[in-house]
Every structure is written in C-alpha cells, then in structure tokens.
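Chemist: any chance you could fold what I've pasted below:
(one chain, ligands or ions: 1)
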Amino acid sequence: MTDRTRNNARAPHQDRAPLILGNEAGSFAHGVLAERHPALIRQVREAFPYGPRQARALDGLLDEITGDAVAPLPTTAHDHRQWSDWGREHVGRPWFDAPFLWAESYFYRRLLGAVGYFDDGPWQGVDPFAPFKRAELDGTTVDEELRALDALADAPAEERANALLLASLWGNRADLGFRATAGEPAPGEATPGLVADDSAALWSLLTDAAPGTVAVVADNAGRELVPDLILIDHLLTHGLARRVMIHVKPTPYYVSDAMLADVLDCLRRLAGAPGAAGRIGGRLWEAMATGQLEVRTHPFFCAPLPYEEMPSDLREQFAAARLTILKGDLNYRRLVGDRLWDPTTPFAAVTAHFPGPVAALRTLKSDVITGLERGTVDTLERSEAAWRTSGTHALIQVA
Ligand SMILES: O=P(O)(O)OC[C@@]1(O)O[C@H](CO)[C@@H](O)[C@@H]1O
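Modeler: Below is the predicted model of the structure:
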C-alpha cells in the first residue's frame, strides 16, 4: 500500500470551496450551458442526415436545455437507474441550477440518446462528433506537426523529452468543444505560458533504472492524442515506462474526447506519415500488438463524478501505476473537484484521495485552479481577465 492509498481522508479544504453551478449569468459555466451546448446540437444536426425521429429528439433537447427543467432518461434506457440515482437532486429542476460537471455530463448522455447512439438499429454506435474529429485529424496542421518531428529526431534526449511533454500539454488546446460557439476565438491565440511547472518532478518519477507501468488518461482525440501517443512512444523506447495503459472514453463525450476508434485513427495517421512520425507509428502499432501499450476504458470516464468517487477497480489500476498522467481540463476538474478553489490551495491536498502519484497536464479552460503561488495569481489577475478559461495558459502539476 502506498502512502497515498492510506491517505484517503478528505482534503481539509474540500468542504470549503463552493461547487461550480451553471446559474450565475456571465460565468463561464453559464456560457457553456446557454451558448455552447445549443450551438453543438445545431452542428451535430447539420453534420448528419438524421431522420425525423432523431431531428425531433434533437430539437426537443434544444428546447429543454434552453428553457425547461431537466428531464429523466426514458425508463427503457440501459443506464436509466444509474442516471436517476446520479440525478436525484437535479431532474425536474432547471438545467442551470445543477452542478456544472453534472449538467455537462448529462447533456452529452442526452445528446447520444437523441441521435439513437444506444438504440438497436443502424445508427447504433455512430459517433455524432466523428466528422469534426476526422476533419481535424486529416487537416494540414497535423501534417506540419508530424513533419516537425524530423527536426527533433537528433536532439539530445532531455531536450527531446521536454519538447514532447510540452507538445502533449499544448495539444490540449486543440479541443473541439471550444469551437462549438460561433465567433468564440480559438484558444491559445495569445502567448502561451505555464502557470505551474512540475515537469522536473514528473521526470523524476520515470526512471529507466526500474521502469514501471504508466497510466495515461487521455482527453481529446486528433491534435491532442497524436502528441500523447508520441510521448508514450518516447517513454517506451527510452525505457522510462515498461508498459503504458492509455485510458479512453467508452462513448462519445465532450465533442472531441478520445475513444478506441480515435486511438486507431491516430495510429494509422502516424504509421502512414513519412519520416520520424511514420517510425513512431510503426513502433506504437507493434507495442499494441505485444501489449506494451494497452488501451483501456471504463464507464466511470463518462460519469458526472469527481475522481475522488472512482470505483475500486479503477482505483486499483491507478494505484498500481508508477505514475498516472491525467490530460486536459475536464480530468483536472474531476481530479481536484469542480469547485471555486482559492487558487493557492495546495494541489497535493486536493489530490490526496488519488491512489498513486498523479500528474496533471492541462491548458486552462475553466474556472477551476489550484496549486498556484500567490505572486503568480496576482500577476495573472493583473494581466488578463480570461486567463482561467481562454486556453492561453497551461500547467504541469505533480503530487
Ligand atoms: O477536457 P478538455 O478537453 O481539456 O476541456 C473540456 C472543456 O472544454 O469542456 C468544458 C466546457 O464544455 C470546459 O470545462 C473545458 O474547458
């Protein structure tokens, strides 16, 4: 048992920070529920020739999220009981009054229901976000990013490692959910900056003397997952990890979140590229075949719950890992709790529930933040109003 598995007590700060709700006009959370979600329904509706039943269901969902109370899942849904349990306090009440994390998660579940994702029939399992993910992965930006690997091939190992870590970190900017609202600027257009950098601690946990299993909890597909996979290749080929488990979502979620199909698309994209990228793709393909790289999934990854409440089977997997790397903003919100923390609240305190060493690689795209120095917070507050949500800043935090 590690110190962390013993330390399952609630962090002392846990009850003091308020949960983020969607009902504060002008807040980031309110904007997501009021603007981003309706825009997303319209985009999905246009991206497929859905039949009248699906179109009606999407229109109904649009009406519901913009005005009506939260409706339950139909009693015939496979996960009806689970969601009625999770939604006991929210169903029948305004969408905006629910916790932001719950409302977003339930929105994606309802969207999948509207397009018939779980129903018997030809639309079963058709990812409503696939056209957006595919367009991004096929784009020329990915070609450029893959070509840049050739220049890195001869760089000293440490320089290469740090460049790949940063590429994986900043890959999190390419989040298609961000693009759902027309006119919203693409994230990260301003000069990027790290607000916390524990990269030295991260590398110190990964030693080639006694490499262990590394868990990577993936976030977005495409332009985020490609650099994640490249980083994983680096860990495996340099003996910094004996095995890597990459955890992905079981169903479509938050627009661009990665599923197994997306991992396969990215591997094909890499393997089909010329130069260093193609060699990396070939090695990863082989690593999948030998089990050195394993894709895993779990229903909890689409649950509206913080990691503190993860089930024991997942907890055991993370406890067994030398390091778990959690990618992206949503994983961060679920790791520390979707709360309005004082930004100087220690990261180690709010992640004490996590069963093993954990690293967060995240660009800042929501109000949640912990573990900052007071001076950093003061500088950020003076310099830019939207530093928490615009994706212009990022962090590497380790505990
Ligand atoms: O987890 P990711 O992909 O980095 O970000 C997901 C995200 O864009 O979705 C939410 C809004 O829908 C935000 O909290 C968050 O920024």
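
Chemist: please make it C-alpha for all contacts and neighbour counts, starting now.
Modeler: Fine.

Chemist: show me the beta-bridge partners of the nearest residue to Leu194 once chain neighbours are set aside.
Modeler: Using CA to CA, 6 or more residues apart in numbering and skipping residues adjacent in sequence, the residue nearest Leu194 is Ala394, 4.8 Å away. Partner residues in beta bridges with Ala394: Leu194, Thr363, with DSSP bridges as the criterion.

Chemist: my read: Ala394 touches Ser168, true?
Modeler: No. The pair formed by Ala394 and Ser168 falls short of the contact definition of CA atoms under 8 Å, at 11.3 Å.

Chemist: quickly list what's touching both of the two.
Modeler: When contacts are counted by CA atoms under 8 Å, 6 or more residues apart in numbering, Ala394 and Ser168 have Leu361 as shared neighbours.

Chemist: can you pull the residues of the chain lying near the ligand?
Modeler: Applying CA under 6 Å from any ligand atom, one finds that the chain approaches the ligand through 32, 172, 175, 177-178, 219-220, 328-331, 365-366.

Chemist: go again with 8 Å.
Modeler: Proximity of the chain to the ligand is confined to 29, 32, 36-37, 104, 172-173, 175-178, 219-220, 254, 256-257, 327-333, 362-367, 389, 391 under the rule CA under 8 Å from any ligand atom.

Chemist: thinking Val44 is in contact with Pro128, fair?
Modeler: Yes. In terms of CA under 8 Å, Val44 counts as a neighbour of Pro128; the distance is 6.2 Å.

Chemist: higher neighbour count, those two?
Modeler: For Val44 versus Pro128, neighbours defined as other CA atoms under 10 Å are more numerous around Pro128 (23 against 20).

Chemist: quick one: residues contacting the more buried one.
Modeler: Under the criterion of CA under 8 Å, 6+ apart, the neighbours of Pro128 are 44, 47-48, 112, 115, 252.

Chemist: where does the prediction get shaky in the stretch 51-200 of the chain?
Modeler: When residues are selected by pLDDT under 70, those of the stretch 51-200 of the chain lie in 177-192.

Chemist: give me the buried entries from the residues of the chain next to the ligand.
Modeler: Neighbour-count burial (16 or more other CA atoms under 10 Å) is assigned, among the residues of the chain next to the ligand, to 29, 32, 36-37, 104, 172-173, 175-178, 219-220, 254, 256-257, 327-333, 362-367, 389, 391.

Chemist: tell me which of these fall in helices.
Modeler: Of the positions in these, 29, 37, 104, 328-333 sit in helices, assigned by DSSP state H.

Chemist: which element is the nearest residue to Trp83 once chain neighbours are set aside on?
Modeler: Counting by CA to CA, 6+ apart, the nearest residue to Trp83 once its immediate chain neighbours are dropped is Leu73, at 7.4 Å. Under the criterion DSSP states H and E, no helix or strand holds Leu73.

Chemist: please report phi then psi for Leu73.
Modeler: Leu73 has phi and psi values of phi -70, psi 150 when expressed as degrees, to the nearest 10.

Chemist: farthest-apart pair in the ones in helices among the buried ones among the residues of the chain next to the ligand, please.
Modeler: His37 and Tyr332 (20.7 Å; CA to CA).

Chemist: at which residues are the strands of this protein located?
Modeler: For the chain, the strands defined by DSSP state E cover 193-197, 212-217, 241-248, 293-297, 323-327, 358-363, 393-398.

Chemist: ok, back up a step: quick one, what contacts the residue nearest to Leu194?
Modeler: Shown in contact with Ala394 (CA under 8 Å, 6+ apart): 169-170, 192-196, 361-364.

Chemist: just the buried members of these?
Modeler: Among these, those classed as buried by 16+ other CA under 10 Å are 169-170, 195-196, 361-364.

Chemist: what about the helices in the stretch 151-300 of the chain?
Modeler: When secondary structure is read from DSSP state H, counting those that start in this stretch, the stretch 151-300 of the chain shows helices at 157-171, 199-205, 222-237, 260-271, 275-290.

Chemist: let's have those helices in CSV, adding distance to Val214.
Modeler: As requested, the helices of the stretch 151-300 of the chain are exported to CSV (distance: least, CA to CA, whole Å):
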stretch, distance to Val214
helix 157-171, 14
helix 199-205, 10
helix 222-237, 9
helix 260-271, 17
helix 275-290, 14
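
Chemist: the ligand versus Pro355, what's the distance?
Modeler: Computed as CA to the nearest ligand atom, to the nearest Å, the Pro355 to the ligand distance reads 21 Å.

Chemist: give me the number of residues near that residue?
Modeler: The burial count assigned to Pro355 is 26, neighbours taken as other CA under 10 Å.

Chemist: equivalent analysis for Pro52, please.
Modeler: By the other CA under 10 Å criterion, the neighbourhood of Pro52 contains 9 residues.

Chemist: now do Pro94
Modeler: By the measure other CA under 10 Å, the count of residues near Pro94 is 18.

Chemist: mind listing what the residue lying closest to it once chain neighbours are set aside touches?
Modeler: When the adjacent residues along the chain are set aside, Pro94 lies closest to Ala69, with 4.3 Å between them (CA to CA, 6+ apart). By CA under 8 Å, 6+ apart, the contact set of Ala69 is 91-95.
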